[in-house]
Every structure is written in structure tokens, then in C-alpha cells.
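Participant: attaching a predicted model along with its sequence, questions to come.
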Amino acid sequence: MPTALQRARILGVAAALSIATLALAGCQPEPTPSASSSPTPTASAAPSPSATGSPTPTLGPDDITLPADCDSIYSPAMRAALEAADPPLNDPGLTLGSSQIVEALELLDSGIPTLRCTWGVPSEQGLATNVSLIAQEQAQELIVALQAVGFLCDPVASGTLCALERTTIDLDDNQVSLGESHFFRGNGWVSTSWVGFIVDGYTEDVAATLWG
């Protein structure tokens, strides 16, 4: 019968063999999968444009997109009349705003999409128009504000036209006419301010050109 010392030696040898066997097994290369056992890759569906792109806002029947340039807001006849009355279009020195009403100025300064068009040079006369896109709630609030300071608002061309004209005396004691008009329809707002001249039917022509 093995002594205690012999049994310890036998157990130590067995343990060493077991550790060596495990070490050899860990160093063996992984078996290469056969062609038949390889998983067949499946094609992944490409994301549809509608899932990744921003949704295109839906325009209502009275809504417009912002015009590309100032030539797009006039009929040929109105364009010719303005060229004859007080050129040029968009002189960089003319800083006249399209409104003097506080609520209108705040809305224009808020960053709403706007195209600015002017006629004339820095002088005693000029005209400035902004074509802007606004929410209908903003349009209604602005109409109320305009009426509160004396603008007369009437239904025109399936929209609302608010206008105010007055006369003043300049530094040379000359009588000068000036005024503003604001046209609202759908998401569109056409604001115009003029001093010294205005072509008859100006705002109505812009509305007819933009809305067709």
C-alpha cells in the first residue's frame, strides 16, 4: 500500500499532467469552418429616403413658396412701370423698411423666411417690399395690430389687404405722400412701405403674380 508521501507524489504528477493537457488544448488552432457550415449572409434592406429625410411640408391651396428673386413677384407691365417711375431695383444704399409698425418690424426681425425688394436710391422717395412666410396665427395677430393704428383692412384677391396712406411736409416744405400696405393670404405676407411715389395697383399686382 502506497505511503502518504507516495500518494502525494502521485497526486502531484496527475495534477501536472492535467494542467499540461489543458495548456496544450488552449494553444491548438481553432478548427476552420467548412464551406458547407459557413452561414449564408443575408442582404439587409436599404433605408428608404422617407425614413431618413426630413418630411416635406404640405402646402395648402392658398400657400406659396418663397420667390427665388424680385423679378418673380411682378408682372411684366408692373416691372416696366417701376423701372420708369423710380429705378433701380435693389439699390444697396436704400435702407427704407417695408413697415414702420412695431409689431410688423418685430416679426420681420424674428428670422422668418423673407425676400426683400426695393426701388429707388437714397433720396426723398423710395419703395420697399418684403415677401415673407408666416403662420396664419401670426397673420391674424398682425391684422389686429394694424387695425388698431388706423389701417383699413378689406378682403381682396382671396386674402386680406390692409392699407394706410397719409401726407406730410418735408424739410423743404414740400408735401410728400407716404404709406404702407400689407397683404395676407395663406402662409404669405406682402408688406410694402413707400415714400414719394407708388404705382397704382402695386400690391394687387404682386398678389396676382405670386398666387396666380
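Facilitator: Great, that's in hand.
Participant: so where do the strands sit in the protein?
Facilitator: Assigned by DSSP state E, the strands in the chain fall at 114-119, 126-133, 152-156, 159-169, 175-185, 188-195.
Participant: may I see these organised as TSV, with mean neighbour count added?
Facilitator: To be clear about C-beta, it is placed using only N, CA and C from the backbone, and glycine gets the same treatment. Listed next are the strands of the chain as TSV, based on neighbours: other CB atoms under 10 Å:
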stretch	mean neighbour count
strand 114-119	20
strand 126-133	22
strand 152-156	12
strand 159-169	15
strand 175-185	19
strand 188-195	24
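Participant: out of these, which is closest to Pro61?
Facilitator: Checking the strands of the chain against Pro61 by CB to CB gives strand 175-185 as the closest, at 10.3 Å.
Participant: please save the CA atoms from that closest one in CSV.
Facilitator: Listed next in CSV are the C-alpha coordinates belonging to strand 175-185 (Å, rounded to 0.1, in the frame of the first residue of the first chain):
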residue,chain,number,x,y,z
GLN,A,175,-45.9,117.9,-49.5
VAL,A,176,-45.0,114.3,-49.5
SER,A,177,-47.3,111.3,-49.6
LEU,A,178,-46.3,108.1,-47.8
GLY,A,179,-47.9,104.9,-46.7
GLU,A,180,-48.0,101.2,-46.2
SER,A,181,-49.9,98.2,-47.5
HIS,A,182,-50.0,94.6,-46.1
PHE,A,183,-51.5,91.7,-48.0
PHE,A,184,-52.1,88.4,-46.2
ARG,A,185,-53.2,85.1,-47.8
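Participant: just checking: what are the partner strands of it?
Facilitator: strand 159-169 (antiparallel), strand 188-195 (antiparallel) (DSSP bridges).
Participant: those strands: which one's closest to Leu210?
Facilitator: strand 188-195 (6.5 Å).
Participant: wait, what's in contact with the closest residue to Trp194 other than its chain neighbours?
Facilitator: Closest residue to Trp194 apart from its sequence neighbours, by CB to CB, 6 or more residues apart in numbering: Leu127 at 4.3 Å. Each residue near Leu127 by CB atoms under 8 Å, 6 or more residues apart in numbering is listed here: 82, 86, 96, 118-120, 192-195, 197-198, 202.
Participant: is it true that Ser191 touches Leu96?
Facilitator: No - contact criterion CB atoms under 8 Å: Ser191 and Leu96 do not qualify, at 11.8 Å.
Participant: returning to that earlier point: make CSV out of the strands of the chain and add distance to Ala104.
Facilitator: Listed next are the strands of the chain as CSV, based on distance: least, CB to CB, whole Å:
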stretch, distance to Ala104
strand 114-119, 12
strand 126-133, 9
strand 152-156, 13
strand 159-169, 10
strand 175-185, 7
strand 188-195, 6
